[in-house]
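> Build the 3D model from these lines:
(one chain, ligands or ions: 2)
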Amino acid sequence: MAAELPLLLLLILVAPVGLLAALAFLVRPRAARIPLRGRHVFITGGSSGIGLAMATAAAREGARVSILARNAARLEGARAAIKAATEQDVGVYAADVRDATAVSRSLEEAGPVDVLVCNHGVFVAKELEEQDMEDVKWMVDINLMGTFHLIKAALPAMKARTRETGVPASIAIMSSQAGQVGIYGYTAYSASKFALTGLGESLQHEVISDNIHVSLIFPPDTETPGLAEEQKSRPEVTNIIAGSSGGMKADDVAKKALNGIKSGRFIVPCNFEGAMLAIATSGLTPQSSPLIAFVEVMGAGLMRFAALCFQWNWFSTIENWYAKNKKNA
Ligand SMILES: NC(=O)C1=CN([C@@H]2O[C@H](COP(=O)(O)OP(=O)(O)OC[C@H]3O[C@@H](n4cnc5c(N)ncnc54)[C@H](OP(=O)(O)O)[C@@H]3O)[C@@H](O)[C@H]2O)C=CC1
Ligand SMILES: CCCCCCCCCCCCCCCC(=O)[C@@H](N)CO
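Numbering: from 1, shown residues only. Ligands and ions are numbered 1, 2, ... in the order given. As a prediction, the model looks like this:
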């Protein structure tokens, strides 16, 4: 026994180092740094909430920022607010992401993009039975189809630009923690956000040869005008379950998002629960960090167990709520 002890200690030490070395060789795509200073950052939904916070932070870092949204007055308000906060002038484009022609026109006017942030998004939480199909279609059209329109329109010039400059570019997509796990009240919204993961994973394969890195950002409930509006009608059960992940401020989400983009991360969690969710749902997602890959490999079983505990808790919440409110009586 005493003779085997050093051997055992050696194994315990060597095994993780060996795994880390293997992962350093394995992980793909290769890590990249994507600078913001002096580059063109185009942010949809940049007139409010998370998009406005990202536009402000990017301008502060010395990027040339363009923002796109529908409401021209809110765009002008955002332009003034960013100017006041950073002394930078941003370009504003009034367009609806559902209108492919208007999106193309805006991108043409704005010029080639280095960092495309598809952040626009709409959400109304309701049980599917209570939700009109118009609202389902509205969320899918804006959150999913709008993102397709943007990427289709921006990609050719982005590719030409990376070829010309050799500096990596980024396509960032704003998902949600409701894009990692389905939640009561979010059938349409979650579907629109889960779809973005499929879009992003496939797209990363297609654009890696052009030195373009895709980032998917997964915020929890975040204090924004959009959330304030949503909370007026969000089902109580949705409120309780969404409360499993700590709420954030838009500025903090913006900081996490921009850091993720700059380090070329594919999955960008925003808080501690988000980090757990990222491990639990890592599946076949691209990963450029050996260290995070190590945590994913080691944490997979434990996070699956944690996930089952969360589901136990959520199903209990639903059961209790229905019992109390006699919905099924
Ligand atoms: N706040 C939260 O709790 C969370 C939000 N998210 C996601 O983050 C993103 C931003 O959310 P948040 O900041 O709360 O949203 P807000 O409602 O505060 O802002 C939404 C922005 O998107 C724009 N927008 C909406 N529809 C369209 C459209 N059809 N065409 C062009 N622009 C549009 C809005 O401008 P206008 O109306 O003038 O077009 C506005 O600038 C969304 O994708 C959301 O799903 C993810 C997790 C949590
Ligand atoms: C393995 C361990 C798992 C750990 C924790 C899981 C917590 C999940 C909470 C999900 C919250 C979803 C909020 C959606 C916010 C949103 O997008 C809306 N506000 C609309 O904008």
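> make it CA atoms for all contacts and neighbour counts henceforth
OK.
> Give me the secondary structure label for the residue of the stretch 1-150 of the chain found nearest ligand 2.
Nearest residue of the stretch 1-150 of the chain to ligand 2: residue 123, at 5.5 Å (CA to the nearest ligand atom). Classification of residue 123 using DSSP: H, G, I helix; E, B strand; the rest coil returns coil.
> I'd like the distance between it and residue 190.
10 Å (CA to CA, to the nearest Å).
> more neighbours, those two?
Neighbours were counted for residue 123 and for residue 190 using other CA atoms under 10 Å; residue 190 has more, 25 against 22.
> Let me see the contact set for that one.
178, 179, 181, 182, 183 (CA atoms under 8 Å, 6 or more residues apart in numbering).
> change it to 10 Å
123, 125, 139-140, 175-184, 196 (CA atoms under 10 Å, 6 or more residues apart in numbering).
> joint contacts of residue 123 and residue 190?
Common neighbours of residue 123 and residue 190 (CA under 10 Å, 6+ apart) are 139, 140.
> I would like the residues contacting whichever strand or helix holds residue 15, please.
In the assignment (DSSP states H and E), residue 15 maps to helix 5-26. Applying CA under 10 Å, 6+ apart, the contact partners of helix 5-26 are 4, 30, 287-295, 297-298.
> From these, which land in helices?
In this view, those that belong to helices under DSSP state H are 290, 291, 292, 293, 294, 295, 297, 298.
> what's residue 211 in contact with, if anything?
Taking CA under 10 Å, 6+ apart as the test, what residue 211 contacts is 29, 32, 158, 159, 162, 163, 166, 167, 168, 169, 170, 204.
> Derive a PyMOL selection command for the buried subset of the contacts of helix 5-26.
In PyMOL, this line selects whichever of the contacts of helix 5-26 come out buried by 16 or more other CA atoms under 10 Å:
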select buried, resi 30+287+288+289+290+292+293+294
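> In TSV: the contacts of helix 5-26, plus distance to residue 276 and pLDDT.
Putting the contacts of helix 5-26 into TSV (distance: CA to CA, whole Å; pLDDT from 0 to 100) gives the following:
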residue	distance to residue 276	pLDDT
4	36	87
30	23	96
287	16	98
288	18	98
289	16	98
290	17	97
291	15	97
292	12	98
293	13	98
294	14	98
295	10	98
297	13	97
298	12	96
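> which among the contacts of helix 5-26 gets closest to residue 99?
Of all these, residue 287 has the smallest distance to residue 99: 33.3 Å, by CA to CA.
> Only the C-alpha atoms, please, for stretch 183-197, written as CSV.
C-alpha atoms of stretch 183-197 as CSV (Å, rounded to 0.1, in the frame of the first residue of the first chain):
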residue,chain,number,x,y,z
ILE,A,183,-39.5,27.4,-19.7
TYR,A,184,-43.2,27.6,-18.9
GLY,A,185,-44.7,30.5,-20.9
TYR,A,186,-41.9,30.6,-23.5
THR,A,187,-43.0,28.0,-26.1
ALA,A,188,-42.7,30.6,-29.0
TYR,A,189,-39.9,32.7,-27.6
SER,A,190,-37.8,29.6,-26.6
ALA,A,191,-38.4,28.1,-30.0
SER,A,192,-37.2,31.3,-31.7
LYS,A,193,-34.1,31.4,-29.5
PHE,A,194,-33.2,27.6,-29.7
ALA,A,195,-33.4,28.0,-33.4
LEU,A,196,-30.6,30.6,-33.3
THR,A,197,-28.3,27.9,-31.8
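> can you give me the mean pLDDT across that stretch?
Averaging pLDDT along stretch 183-197 yields 98.
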